[in-house]
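> Pasting a predicted model and its sequence here:
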Amino acid sequence: MDIIFHHPTFNAQQWIEGMQQKLPEASVRQWQPGDNQPADYALVWHPPVEMLSGRQELKGVFALGAGVDSILSKLQAHPEMLPKGVPLFRLEDTGMALQMQEYAVSQVLHWFRRFDDYQALKQQAKWQPLDDYHHENFTIGVLGAGVLGGKVAESLAAWGFPVRCWSRSKKDYHGVTSYAGAEQLDEFLNGTRVLINLLPNTPQTVGIINSQLLNKLADGAYVMNLARGVHLIEDDLLAALDSGKVKSAMLDVFAKEPLPENSPLWKHPRVAITPHLAAVTRPEEAMVYIAKTIRQIENGESPGGQVSLDNGY
Ligand SMILES: NC(=O)C1=CN([C@@H]2O[C@H](COP(=O)(O)OP(=O)(O)OC[C@H]3O[C@@H](n4cnc5c(N)ncnc54)[C@H](OP(=O)(O)O)[C@@H]3O)[C@@H](O)[C@H]2O)C=CC1
Ligand SMILES: O=CC(=O)O
């Protein structure tokens, strides 16, 4: 079995040795331009078109992340990049759900305990106890209730918050009210105080967090974007922050990354920023998952994690 690997920043040696150890029967190599020797599987992130095109012999391509938007958008321009019938897999959880839970829970508690307000008071050397917020007025809405959104929603429900989620199909997560489809989006938004985005980037979800949507949230809402920058219209968020409709935002992803130095988001006192690391690929967990999936394919089973090219996620 031959496996080729390409990632613009990961330590290729670590991945080659790790995969080799997990699949001793495999021969794993870092793909180099000009290498068109046969391969059974490809592990990729931002793959050059020539790495995959024409490789009809592939039994699977593995995206080394959860979101496959960058691969799918490249496929639009170069459909030959994924030969017909070759399945595309992505990482499901592999340690990312826990990271997303840590990120979301810590920030929700930060807002709920009004640490942002106390930080602002501290700047003025003001000793001033504020009114408590109450769980019943702190409804959390998670946009996108898949592998990551579902786990985030459940972890926040465990803290006693009213939690709801929105997805294409109905969910049954513990302590979480499920809304599904475009027809239930308004109901989901109505009363949502904290909006957390974990949708995939698809033509249906681009620009979904816009003025219209923000205006449907509870007054003084909080917005956390953990999915993709293109989901959020940044100017609409800034307007909602300035009007007071949105009280604070925590952003991990941006329409343009790295976020340009002249973006007004940097200087906004009620916007917190992290550089797209809410949940990163953990090599060891990812390799265990990929090796298991490869074994399932080799045994003729149908593993999970296959991307639907029709749905775009
Ligand atoms: N900032 C970061 O560091 C990271 C960001 N991400 C982002 O998080 C995203 C989510 O990952 P993951 O949870 O694994 O993905 P999943 O595919 O498991 O979940 C996606 C969810 O979105 C729902 N959804 C998709 N399209 C629509 C739509 N049009 N309307 C309503 N709901 C929709 C799906 O509904 P249904 O269940 O019904 O299909 C599903 O619940 C990734 O695509 C990636 O962009 C991921 C990792 C790290
Ligand atoms: O943003 C990261 C991913 O895995 O998707």
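Nice, I can see it. Ligands and ions are numbered 1, 2, ... in the order given.
> how about the nearest residue to the spatially most central residue of the chain, chain neighbours excluded?
The residue lying closest to the centre of the chain (Cα atoms, centre = their mean) is Ala227, at 3.8 Å. Closest residue to Ala227 apart from its sequence neighbours, by Cβ to Cβ, 6 or more residues apart in numbering: Asn197 at 4.8 Å. C-beta here means a position set from N, CA and C on the backbone, and glycine is covered the same way.
> okay, the one you found: pLDDT?
As predicted, Asn197 sits at a pLDDT of 99.
> which stretch of helix or strand covers Ser106?
Here Ser106, judged by DSSP states H and E, is contained in helix 96-112.
> buried set for that helix?
96-97, 99-101, 103-105, 107-108, 110-112 (16 or more other Cβ atoms under 10 Å).
> Check the offset of that helix from the chain's centre.
In terms of Cα atoms, centre = their mean, to the nearest Å, the centre of helix 96-112 is set 13 Å apart from its chain centre.
> Could you measure from Val28 over to Val86?
18 Å (Cβ to Cβ, to the nearest Å).
> Near ligand 2, which residues of the stretch 1-150 of the chain? Just list them.
65-67 (Cβ under 6 Å from any ligand atom).
> Do me a favour and get the end-to-end distance for stretch 50-61?
14 Å (Cα to Cα, to the nearest Å).
> tell me which element the nearest residue to Thr192 once chain neighbours are set aside falls in.
Setting aside the residues directly before and after it, Thr192 is nearest to Gly141 in space (Cβ to Cβ, 6+ apart), at 3.5 Å. Per DSSP H and E, Gly141 falls inside strand 140-143.
> Phe5 too?
strand 2-6.
> Could you list every helix and strand that that strand packs against?
helix 12-22, strand 27-30, strand 41-44 (3 or more Cβ pairs under 8 Å, 6 or more residues apart in numbering; DSSP states H and E).
> Please identify the buried residues of it?
Buried residues in strand 2-6 (16+ other Cβ under 10 Å): 3-6.
> Then stretch 13-20?
15-16, 18-20.
> domain ranges for this structure?
Taking the TED database as the reference, the chain has its domains at 2-94+281-311, 96-273.
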